[in-house]
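Engineer: Below are the sequence and a predicted model for it; my questions follow.
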Amino acid sequence: MKRLFLTLMAMTTLTLAGAQVTPMVLGDKHVMLRVGADKAKYVLLPVQETEDIAAIAVLDGRNEMAQRLNVKLAIDRVDYWVPYELKGARLLDIEFHGDRRQKGAVGEFVCWKEIKLSDTFDTTNRERFRPAYHHTPLYGWMNDPNGMFYKDGVWHLYYQWNPYGSQWENMTWGHSTSTDLVHWQAQPMALEADWLGSVFSGSCVTNGNEVVAYYTSAGMNQTQAMAVSRDGGMTFTKYAGNPVLTSDKPDFRDPNVFWYEGTKRWIMILAVGQEMQIYSSKDMKDWQYESAFGQGYGNHGGVWECPDLFEAPSGAVGGAKWVLLCNINPGGPFGGSATQYFVGQFDGHKFNCESMPKVTKWLDYGKDHYATVSFYNAPDNRRVVLAWMSNWQYANQVPTKQFRSANSIPRDLGLFTHGEETYVSVVPSKEMLDVRGAKTKKPTEVCEIVVDLKNQTEIVLSNTKGEQVVMTYDGAKQTFSMDRTKSGDVSFSEAFPCVTVAPTHGTIRQLRLFIDHCSIEAFDAEGKMAMTNLVFPSEPYSSLKVKGGKAVIYEIKN
Ligand code: FRU
């Protein structure tokens, strides 16, 4: 008898995986849901992306609010499920936003039939546009890369992540690690919201055995906070004295911190409206204002975001120069978001730009290259960056569901001169050569194409559906362009179909094109031009035609 009882218990636990939960309807926008305690690891929430959000308060066993989430709970169709890890949660108190009356009674929404308790959540890839060799989140929405650093042979990448939907909301820091900058291992979430706000972009520094993260708490106002990791960046403890820096400016975010040997101080640079502010600190907690940069300089078509300030590997230029990366949205050369930069000097207090104020320099001339920041502490004096491969104009609408957005391939920055100006060079990081595979005759959805250019070269990638991407190098005009107007699905946003054009800063001789399901990244092999664009062909491009030039196609080993 005792034995039978145990067997039944085991069966009950098993059948709980996928079990349904019954809603308590309390009003036409208000529902409670008993989810616990400890019945299952996750509640799987069904999402319908075209709906308004439902605000969910998660209550624990003492009726205290453990967390707040905004989830687009499904009304009449399920696009996908997202997991919420219960961790002792007992009750979900759900308030629907928007006008629900037109959709029928709240008790009839499809989400109640589709919400499940489960011990597992399936992250097997279901997307044909998921890149093979670019970093993506296992599921959910991603924007900016955050807090990247290198330590003990491991590259750490955190990122703006919504684990509860594939559109922007509920910002946390997701986390992935890699030993080669190409293959990424998903790690548990590193930082999540608290009562100071959700966790916006920021950076990490290494200080002895500690990793210290700085991020923006985005609550009613934006403030800067810090968290410390003593296990190499896997888990963080938030500093009890947060916030460490406040302001009365509404846009005050994205702290980028580094050590400046000259003054033996930590420096923090922040995006504040349309300028960058510089602060310094001796103890990492107490920050003094030093200076601001930006008024009248470069492009001001939008808000400045995600700064990064570093001494550039000098390469061919000779002499130390500093680079200030300044992401801006909107205001990009082809609309929406892009990365501009300034070259100059930094003395521990102030950044001085060496160009005339009106000069604007872009790091990448594609439409899908934003929030570029570099890894702290990269080996061999390298300055390795990643960008978010999307554009705020349509990032929430691109045709994927299980996840949204990827990061660019890793790129190494340097400097070069052209005419009177010094520019930042961008080349694919050397790790991309390690994954170069065998030569192949036809392009595939995962390949690298190397093109030796003539004075005029036209490169056409196409598929059997007549979808195509046309790239043109014009040596006379010294430009490179990419036309994606007929590249496949361009229907999800009017801002998507476009032709992007880059200056090549003199003659260029060889292009490297990286193709990965839904992206094309084009580089001058010497680093004088970079262009990153998304494409969504209905079938992979299988034909390559090059007029006035010679191409070699390589597989990419994964
Ligand atoms: C840039 C940005 C940052 C902000 C984050 C929020 O894309 O707007 O300024 O910290 O995204 O997700």
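Structural biologist: Received the coordinates, thanks.
Engineer: just checking, Gln510 touches Ile449?
Structural biologist: No - here Gln510 does not reach Ile449: they are 11.0 Å apart, not a contact under CB atoms under 8 Å. Any C-beta I mention is one placed from the backbone N, CA and C, and that applies to glycine too.
Engineer: Comparing those two, which shows the higher neighbour count?
Structural biologist: Each of Gln510 and Ile449 has its neighbours counted (other CB atoms under 10 Å); Ile449 has more, 21 against 14.
Engineer: Mind telling me what element the more buried one is part of?
Structural biologist: Assigned by DSSP states H and E, Ile449 belongs to strand 446-462.
Engineer: Neighbouring strands of that strand in the sheet, and parallel or not?
Structural biologist: Counting by DSSP bridges, the strands paired with strand 446-462 are strand 468-474 (antiparallel), strand 510-516 (antiparallel), strand 543-556 (antiparallel).
Engineer: between the helix or strand just after the second one and strand 468-474, how many degrees?
Structural biologist: What that stands for is strand 510-516. Following strand 510-516 in sequence order, the next helix or strand is strand 519-524 (DSSP H and E). Put simply, strand 519-524 runs at 10 degrees to strand 468-474, going by axes from the mean of the first three to the mean of the last three CA atoms, to 10 degrees.
Engineer: who's in contact with Val373?
Structural biologist: Residues near Val373 by CB atoms under 8 Å, 6 or more residues apart in numbering: 144-146, 148, 203, 256, 306, 308, 325, 385-386.
Engineer: how does it look with 10 Å?
Structural biologist: 144-148, 201-203, 254, 256, 306-308, 310, 325, 327, 339, 385-388 (CB atoms under 10 Å, 6 or more residues apart in numbering).
Engineer: where exactly do the helices run in the chain?
Structural biologist: Applying DSSP state H to the chain gives helices spanning 2-16, 111-114, 431-434.
Engineer: Could I get the average pLDDT for the second one?
Structural biologist: Going back to what we said before, that points to helix 111-114. For helix 111-114, mean pLDDT is 95.
Engineer: Residues of the stretch 51-200 of the chain that sit close to the ligand?
Structural biologist: The stretch 51-200 of the chain has residues 143-144, 160, 171, 200 near the ligand, with proximity defined as CB under 6 Å from any ligand atom.
Engineer: and this protein, which residues reach the ligand?
Structural biologist: By the rule CB under 6 Å from any ligand atom, the part of the chain lying against the ligand is 143-144, 160, 171, 200-201, 216, 253-254, 305-306, 371.
Engineer: Give me the below-cutoff pLDDT ranges for the stretch 351-500 of the chain.
Structural biologist: Along the stretch 351-500 of the chain, no part satisfies pLDDT under 70.
Engineer: in it, what residue is nearest the ligand?
Structural biologist: Nearest residue of the stretch 351-500 of the chain to the ligand, counting by CB to the nearest ligand atom: Ala371, 4.8 Å away.
Engineer: doesn't Met148 make contact with that residue?
Structural biologist: No - contact criterion CB atoms under 10 Å: Ala371 and Met148 do not qualify, at 11.3 Å.
Engineer: Of these two, which one has the most company?
Structural biologist: Between Ala371 and Met148, Ala371 has the larger neighbour count (other CB under 10 Å), namely 27 against 24.
Engineer: any idea of the pLDDT on the residue lying closest to that one once chain neighbours are set aside?
Structural biologist: Nearest residue to Ala371, sequence neighbours excluded (CB to CB, 6 or more residues apart in numbering): Asp144, at 3.6 Å. For Asp144, the model assigns a pLDDT of 98.
Engineer: For Asp144, give me its contacts.
Structural biologist: Counting by CB under 10 Å, 6+ apart, Asp144 makes contact with 158-161, 171, 200-202, 254, 305-306, 327, 370-373, 386-388, 405, 407.
Engineer: Pipe the residues of the stretch 51-200 of the chain next to the ligand into CSV and attach distance to Thr177 per row.
Structural biologist: Shown next, in CSV, are these (distance: CB to CB, whole Å):
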residue, distance to Thr177
Asn143, 19
Asp144, 18
Gln160, 17
Met171, 20
Phe200, 22
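Engineer: of those residues, closest to the ligand?
Structural biologist: Among these, Phe200 lies closest to the ligand (CB to the nearest ligand atom), at 3.3 Å.
Engineer: Pull the contacting residues for the nearest residue to the closest one once chain neighbours are set aside.
Structural biologist: Sequence neighbours aside, Thr216 is the residue nearest to Phe200 in space, at 3.8 Å (criterion: CB to CB, 6+ apart). Counting by CB under 10 Å, 6+ apart, Thr216 makes contact with 146, 171, 196-202, 222-225, 243, 245, 251-255, 270-271.
Engineer: if we can go back for a sec, can you put the strands paired with strand 446-462 in a markdown table and add distance to Leu413?
Structural biologist: As requested, these are exported to a markdown table (distance: least, CB to CB, whole Å):
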| stretch | distance to Leu413 |
| --- | --- |
| strand 468-474 | 23 |
| strand 510-516 | 16 |
| strand 543-556 | 22 |
